[in-house]
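Trainee: Build me a model:
(2 chains)
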Protein chains: 2
Amino acid sequence: MQNFIFENPTKIIFGQGQIKRIGQEAARFGKKVLLVYGQGSIKKNGVYDQVMTSLAESNLSVVEFLGVRSNPVLSHAVEGIKAAKREGVEVILAVGGGSVIDTAKTIAAGVMADHDVWDLFTYKKTIQAALPVLTVVTISASASEMNAAAVITREEGHQKFSIRSPHIQPKVSILDPTVLFTLDRAYSAYSAVDAVTHMLEGYFNNTEPNPSPLQDGLVEGLMKTIMGATETILQHPEDYDARANMMWAATLAFNGLTTAGMGQVALPVHMIEHSLSALYDVAHGAGLSIILPGWMKSQLPSKAGRFAKLAREVFGVAGENDEEAALAGIDRLKRWFSLIGSPISLREAGIPGQDIEKIAENAFVLAQVWGLKAYPKETITEILELCN
Amino acid sequence: MQNFIFENPTKIIFGQGQIKRIGQEAARFGKKVLLVYGQGSIKKNGVYDQVMTSLAESNLSVVEFLGVRSNPVLSHAVEGIKAAKREGVEVILAVGGGSVIDTAKTIAAGVMADHDVWDLFTYKKTIQAALPVLTVVTISASASEMNAAAVITREEGHQKFSIRSPHIQPKVSILDPTVLFTLDRAYSAYSAVDAVTHMLEGYFNNTEPNPSPLQDGLVEGLMKTIMGATETILQHPEDYDARANMMWAATLAFNGLTTAGMGQVALPVHMIEHSLSALYDVAHGAGLSIILPGWMKSQLPSKAGRFAKLAREVFGVAGENDEEAALAGIDRLKRWFSLIGSPISLREAGIPGQDIEKIAENAFVLAQVWGLKAYPKETITEILELCN
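Mentor: So this is what the prediction gives:
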C-alpha cells in the first residue's frame, strides 16, 4: 500500500424524504442561494418543488440558474459565474447529476477568481477559494456529490478538462433514492458504467508494490453491488433497495475511498472518453463502455493478472491461466455492458472509424494536460482501433 | 437500506515516514499541546522522539500527560482535565491506541464542561464543545482515530461507558504502519478481533427491510483483509503491507462506513465484553473473542441466515442449510480466534463460571444506559453460560 492522505468532509444525508432538509443545511452557509439545475426534469419529478419549499421555509432567497446540459460547457458556467456575482449569492446549490454539480463547482470557484476560470482547468492557476457548494442528487454516477473534482467542456477546441480542489468539495449532499425512480433505462445503465469504470481505473492500478487486498475487496464488493442493483433496476425501476444500493455505491466508487493507498491513479479510459463526449456529445457512460474493453485489450500484456482477478472475483471465471481468464473477463464485461444496453463499439454509437485519428488528436491534448506520458497519439490511436 | 447521515471529516495521513507531519497539523489548531500517551512504549519504538521533534519544529509548546493504561479509567482522565485546564492547552494530541485516544477525547470534552465529566457518559449531559483532538496511532483496533466515540471505565461500580459527539472526532490522525512492527503477538491478535467484531455487530444487524449487498460486500472484503493480514503479521511482524492493510482496514471497520444504512446498530457483544474488561481488566479484544461466539449461538434461531452468509462468504462453508452453515461458521470463527491466540471461553481467560451472575449484573447496568431492551439480566446470563 502506498502512502496517502484521505480527507472527505462532505456530510451525506441519505434516504427517502430527506430533501426537505436542504433549507436548514443551506442556511448554515448563507442567506442567498444560486439554484443550479438542468433541463427541467426536476420540475416533472417533484424535486424542484421539494427544494423550493424547503429553501422558503428556511427564509432563503433564491436565484435560479438553469439549462445545464449533459457534458456541460464552459460558456454556460461563465454565464452562471456572472449571475452569481451580479446577484451576490452566498451559496451554490446544485440540484441534478454530475453535469449540474460540476457546473455548480465551476461557478463556485469562478466567482472567487479574478482571472479566466478556464485557467483553473489548464492548471495555469489554482483554486484559492470558492463559495460553499451543496447538492441534491438526481442522477447517481459521477460521485461529484462527494468529491473535489469537476469536469467541463470548452466548446472552442472541444476540450473536456477537469479541476480538483477541497474548496469545491460539497459541504452537504442529499441523496434520496426515490428521485431515481423516473431515471430512464439508458441513463440508469450509463450511470452504472460510469461508477464501475471509476473504480476499475483504480483497481487495474493496484499493483505497486503489491496489490492490496483491502482496496480489491472494496472494489469487488461495490462492483457486484452495482451490477446486481442495475439488473434489478432495469426490470423494476422503482425498486427502492436497488436504487439505494446503486446510489450509495456510485458515491463510494469515486469519493477517494477505493483508490486511497493505490498511489497516483491515472484515468486513461476517462481521458479518451472525454474526447468522444467533447466531439460527439456521447453520454459519458456510453463513451466509457466503448473505450474500457478496448483499453483493456491494449493493456493485456502488462495487466493480465489484474484483469484475471476481476474475471475470477466478479464474473466467476474459472481457470488457472491468467491470460485466458483475463480475456474471458473482458468478454464478460462487454457482454454485461450490452446486457444493460450500453454500447461497446464506436460503430454502435454511430462514430465513423475514419474519425479515429481526429479523436486521438483531441485526446492527446488532454493526455498532455494530465501528464499521461504513456499515451502518445499513436498509442491512443491503437486503443481506439480496438474500440471500433 | 435505511436512511442515514454519514459525515466523517477526520483527515487521515497514512504511511511510513508521515509522523513528522504532526507538528504542522497541530499548529493549525493552537500553540500549546497536551501530549497524551500511555506506559512509555512510544519511548522505546521511537515514536515519542519523532513526535517531539516535529512539535518542536513547529514551535509548539508541549505539556506531557502520560500513564494511560488499557481499559483507561475515569480518575486518570479527570487528572488530565485538571492538567489541561491548569496549563491552558489549546490542542489535545493522543499518541497511542484506543485507550490513549479515548482518554484524550474525554479530556478534550471535559475541559469545556462545567460539570462532572461522567455525566456525559451517563447521558445526563451532552457534549457542547471540545478542544481539538489529533492522534498518532500506535495500535490499530478501535478506529477511535476516525470516529466520534470514546470509552472510559469508572472504577467506582466498575462501569465501562461511552460518549459520542462530533466535537471529539479527531481533526487529524496519522497512521504509520511501521509503528506496529513492534506490537506483540497478543495485541496484534486482539486488535484483529476488535476490528472484526466492530464490523460483525453491524453485519448481523443488516436485515431490515432487506440485507443490503453493499454493506455486506464492504464487511466481507474488510474482514477477509484483516484475517489474511493478521495471519501474515503473526508470522512476519515487520511485513509492511500486512501491517498497512490491517491498519487501514481496522479504521474503516468502525468509522461509520460499514454501518451506514443499517439503522441503529446495537452492540450487545461490546456491551457484555465491557463488563469483562471492567471487572477483570481483560484486554478488550480477548474479551470479545470470548463473548462473540457465545452470543452468536444464543441468536441462532433469529439470525441463522446472517451467520450462514458470513460462513459462506468469508469462511467458504458449503451447503444449502442455513442453520448447519451458521453453526459451521461459528465453529470456524472460534477456530480462527484460537489460531491467532485469542481466548474463546471465560475459563480460558481464568474467569470462574460462578462469577457469571456478577458479570451479568454489571453488564445489565450498561444495557439500561444503552437502551438495549432485548438484554435483561437473565438473557445476559444465558449468553455468558454459552461463553463458559
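
Trainee: quick one: the strands in chain A?
Mentor: Listed in chain order, the strands of chain A (DSSP state E) span A:4-14, A:32-36, A:61-65, A:91-96, A:133-137, A:149-154, A:159-164, A:172-175.

Trainee: near chain B, which residues of the stretch 201-350 of chain A?
Mentor: A:209-210, A:212-214, A:216-218, A:220-222, A:224-225, A:228-229, A:241, A:244-245, A:248-249, A:252, A:257, A:260-261 (Cβ under 8 Å from any Cβ of the partner chain). Where you see a C-beta, it was placed from the backbone N, CA and C, and this is true even at glycine.

Trainee: Now with 10 Å, please.
Mentor: Taking Cβ under 10 Å from any Cβ of the partner chain as the contact definition, the stretch 201-350 of chain A meets chain B at A:209-229, A:239-249, A:251-252, A:257, A:260-261, A:313.

Trainee: Please flag which of those residues sit within helices.
Mentor: A:213-229, A:240-249, A:251-252, A:313 (DSSP state H).

Trainee: what's the model's confidence in stretch A:77-94, averaged?
Mentor: Averaged across stretch A:77-94, pLDDT comes to 98.

Trainee: Give me the buried positions along that stretch.
Mentor: Neighbour counts over stretch A:77-94 (16 or more other Cβ atoms under 10 Å in any protein chain shown) mark A:A77, A:V78, A:G80, A:I81, A:A83, A:A84, A:V89, A:E90, A:V91, A:I92, A:L93, A:A94 as buried.

Trainee: Same question for stretch A:152-159.
Mentor: Using 16+ other Cβ under 10 Å as the test for burial, stretch A:152-159 gives A:I152, A:T153, A:R154, A:H158, A:Q159.

Trainee: Farthest-apart pair in those residues, please.
Mentor: Within those, A:I152 and A:H158 form the most distant pair, 12.1 Å apart (Cβ to Cβ).

Trainee: ok so, going back, ChimeraX command for the buried members of the residues of the stretch 201-350 of chain A next to chain B?
Mentor: A single ChimeraX command selects the buried members of these (16+ other Cβ under 10 Å):
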select /A:211,212,213,214,215,216,217,218,219,220,221,222,223,224,225,226,227,228,229,239,240,241,242,243,244,245,246,247,248,249,251,252,257,260,261,313
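
Trainee: Under the pLDDT cut-off, which ranges of the stretch 51-200 of chain A? List them.
Mentor: Within the stretch 51-200 of chain A, no stretch has pLDDT under 70.

Trainee: Would you mind listing what in it touches chain B?
Mentor: Checking the stretch 51-200 of chain A against chain B by Cβ under 10 Å from any Cβ, the hits are A:M146, A:V172, A:S173, A:L175, A:D176, A:P177.

Trainee: can I get those in CSV with neighbour count?
Mentor: Listed next are these as CSV, based on neighbours: other Cβ atoms under 10 Å in any protein chain shown:
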residue, neighbour count
A:M146, 27
A:V172, 24
A:S173, 26
A:L175, 27
A:D176, 23
A:P177, 25
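
Trainee: out of these, what pair is the most spread apart?
Mentor: The widest separation within these (Cβ to Cβ) is 17.3 Å, between A:V172 and A:P177.

Trainee: Quick check: the residue nearest the centre of chain A vs B:I42, distance?
Mentor: Nearest to the geometric centre of chain A sits A:S142, at 2.4 Å (Cα atoms, centre = their mean). Distance of A:S142 to B:I42, computed by Cβ to Cβ, to the nearest Å: 43 Å.

Trainee: contact partners of stretch A:360-379?
Mentor: Residues from elsewhere that reach stretch A:360-379 (Cβ atoms under 10 Å, 6 or more residues apart in numbering or on different chains): A:121-123, A:157-162, A:264, A:266-268, A:270-276, A:278-279, A:291, A:298-299, A:355, A:357, A:380-385.

Trainee: Give the buried residues for that stretch.
Mentor: A:A360, A:N362, A:A363, A:F364, A:V365, A:L366, A:A367, A:W370, A:L372, A:Y375, A:T379.

Trainee: Include pLDDT when you put those into JSON lines, please.
Mentor: What follows is the buried residues of stretch A:360-379, written out as JSON lines (pLDDT from 0 to 100):
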{"residue": "A:A360", "pLDDT": "97"}
{"residue": "A:N362", "pLDDT": "93"}
{"residue": "A:A363", "pLDDT": "94"}
{"residue": "A:F364", "pLDDT": "95"}
{"residue": "A:V365", "pLDDT": "92"}
{"residue": "A:L366", "pLDDT": "89"}
{"residue": "A:A367", "pLDDT": "93"}
{"residue": "A:W370", "pLDDT": "86"}
{"residue": "A:L372", "pLDDT": "92"}
{"residue": "A:Y375", "pLDDT": "96"}
{"residue": "A:T379", "pLDDT": "97"}
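
Trainee: What's the nearest residue in the stretch 51-200 of chain A when you look at chain B?
Mentor: A:P177 (7.8 Å; Cβ to the nearest Cβ).

Trainee: That residue and B:S140, how far apart?
Mentor: 34 Å.

Trainee: Please tell me how far A:I22 sits from chain B.
Mentor: 13 Å (Cβ to the nearest Cβ, to the nearest Å).

Trainee: How about that residue, nearest residue that isn't a chain neighbour?
Mentor: A:S54 (4.9 Å; Cβ to Cβ, 6 or more residues apart in numbering or on different chains).

Trainee: Domains in chain A, by residue range?
Mentor: A:11-178, A:183-386 (automatic domain parsing).

Trainee: okay, those domains in CSV with distance to B:H198 next?
Mentor: Formatted as CSV, the domains of chain A follow (distance: least, Cβ to Cβ, whole Å):
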stretch, distance to B:H198
domain A:11-178, 20
domain A:183-386, 15
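
Trainee: quick one: which of the ones you listed is nearest B:L200?
Mentor: Closest approach to B:L200 among the domains of chain A (Cβ to Cβ): domain A:183-386, 15.6 Å.

Trainee: what's the distance between the closest one and the middle of its chain?
Mentor: Mean C-alpha position of domain A:183-386 versus that of the full chain (Cα atoms, centre = their mean, to the nearest Å) differs by 12 Å.

Trainee: same check, this time on stretch A:91-101
Mentor: For stretch A:91-101, the distance to the chain centre is 13 Å (Cα atoms, centre = their mean).

Trainee: now the closest residue to A:E231 other than its chain neighbours: how far from B:N210?
Mentor: Distances taken as Cβ to Cβ, 6+ apart put A:I340 closest to A:E231, at 7.3 Å, once the chain neighbours are dropped. Relative to B:N210, A:I340 is positioned 22 Å away (Cβ to Cβ).

Trainee: same check, this time on A:S41
Mentor: 28 Å.

Trainee: Name the residue of the stretch 251-388 of chain A with the shortest distance to chain B.
Mentor: Counting by Cβ to the nearest Cβ, the stretch 251-388 of chain A gets nearest to chain B through A:G261 (6.6 Å).

Trainee: okay, that residue: pLDDT?
Mentor: Reading off the model, A:G261 has pLDDT 92.

Trainee: Same check on A:S212?
Mentor: pLDDT for A:S212: 89.

Trainee: Show the contacting residues for the residue lying closest to it once chain neighbours are set aside.
Mentor: Spatial nearest neighbour of A:S212, excluding adjacent residues (Cβ to Cβ, 6+ apart): A:M1 at 4.7 Å. By Cβ under 10 Å, 6+ apart, A:M1 lies in contact with A:206, A:208-215, A:260-263, B:14-16, B:177, B:240-245, B:247-248.

Trainee: so where is the stretch 201-350 of chain A shaky, pLDDT-wise?
Mentor: Using pLDDT under 70, the flagged stretches of the stretch 201-350 of chain A are A:208-209.
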